[in-house]
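>>> Quick one: sequence and predicted model below, then my questions.
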Amino acid sequence: MELYYSFSILLVLASFFAYLNIRFLKLPSTIGVMIIAMITSIILVVFGHIFPDTLTRFSKLISEVDFTEVLLGAVGDLAWRLGLTLTRPLYAVIAAVRGGASGELSSRVSESAQGELGELERGVNQMAEVIARHAEEMSQRIEEATRELRSQKLAAEAAVKARSRFLAAASHDLRQPMQALILLVEALKETLRGAGGENRWKQK
């Protein structure tokens, strides 16, 4: 039972030191826990030499603590925090992917996670940037094609109008000489009839 109790104390201290390292020092886990344990040991030794009575009372107080419950609580709290650490980046990645699928190409993920989750966040952001760049290039190409088609349409309309004006002018220009010829022929016929031209033509 004493071994289990000692093991519980060590686990609680290790969990507490790991939390301090992640929260404040942000060093690699082994190095951070070791540094915090060394600093704590030095402080306890110095404090024991300066205030031996206070250290004795503190030891009695610690002996009255049920470290099994503390260990279970610490493990539960650690599991909850780890769950938040994992689920928050995943939810952010899912939201960014859904935003990109719905057309919001400016949605990005805050690159705050470490390890594989960080790689996933960076990969999603890079993918979103590539998709946004291709969408912008495609939009520019569509605009250029639209402008070119519009200019070609305007040129075709101008050509049709010019042809229509040319045909109208040519028809008008041709109609006047033809009308004049018709009038001249009619006048000649009348002249020939009046002068007895038909009989002369028959005699010849």
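In hand now; what should we look at?

>>> Quick check: L181 vs A169, distance?
L181 sits 19 Å away from A169, going by C-beta to C-beta, to the nearest Å. Every residue, glycine included, has its C-beta placed from N, CA and C.

>>> Also I35?
Going from I35 to A169 by C-beta to C-beta gives 98 Å.

>>> give me the number of residues near Q176?
Neighbour count of Q176, defined by other C-beta atoms under 10 Å: 9.

>>> Secondary structure class of it, three-state.
Under DSSP: H, G, I helix; E, B strand; the rest coil, the three-state class of Q176 is helix.

>>> hang on, the earlier thing: looking at I35 and A169, which has the bigger crowd around it?
Set I35 next to A169 and count neighbours by other C-beta under 10 Å: I35 wins out with 15 against 10.

>>> low-confidence ranges in the chain?
1-9, 12, 55, 65-68, 70-71, 74, 78, 82-84, 194-204 (pLDDT under 70).

>>> who's in contact with the residue lying closest to R122 once chain neighbours are set aside?
Spatial nearest neighbour of R122, excluding adjacent residues (C-beta to C-beta, 6 or more residues apart in numbering): E111 at 5.7 Å. Taking C-beta atoms under 8 Å, 6 or more residues apart in numbering, we find E111 in contact with 118, 121-122, 125.

>>> so what are the domain limits for the protein?
Domain ranges of the chain: 1-75, 89-187, per automatic domain parsing.

>>> Reformat those as CSV; add distance to R193.
Formatted as CSV, these follow (distance: least, C-beta to C-beta, whole Å):
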stretch, distance to R193
domain 1-75, 123
domain 89-187, 11
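
>>> Let me know which of these is the nearest to R81.
The minimum distance between R81 and these falls on domain 1-75, with 8.2 Å, by C-beta to C-beta.

>>> quick one: the helices in the protein?
Secondary structure of the chain (DSSP state H): helices located at 2-20, 29-50, 52-63, 67-101, 115-194, 197-203.

>>> could those go into TSV alongside distance to S107?
Listed next are the helices of the chain as TSV, based on distance: least, C-beta to C-beta, whole Å:
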stretch	distance to S107
helix 2-20	33
helix 29-50	33
helix 52-63	51
helix 67-101	3
helix 115-194	7
helix 197-203	98
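
>>> any idea how far E64 is from L25?
L25 is 30 Å from E64, by C-beta to C-beta.

>>> swap that for R81, sorry
Counting by C-beta to C-beta - R81 and E64 are separated by 27 Å.

>>> So for those two, which sits in the more crowded spot?
The neighbour count for R81 versus E64, taken as other C-beta under 10 Å, is higher for R81 (12 against 6).

>>> what's the distance between that one and I22?
Counting by C-beta to C-beta - R81 and I22 are separated by 9 Å.

>>> do you know how far the residue most central in space within the chain is from E119?
The centroid of the chain falls nearest to L105 when counting by C-alpha atoms, centre = their mean (2.9 Å). In this view, L105 and E119 are 21 Å apart by C-beta to C-beta.
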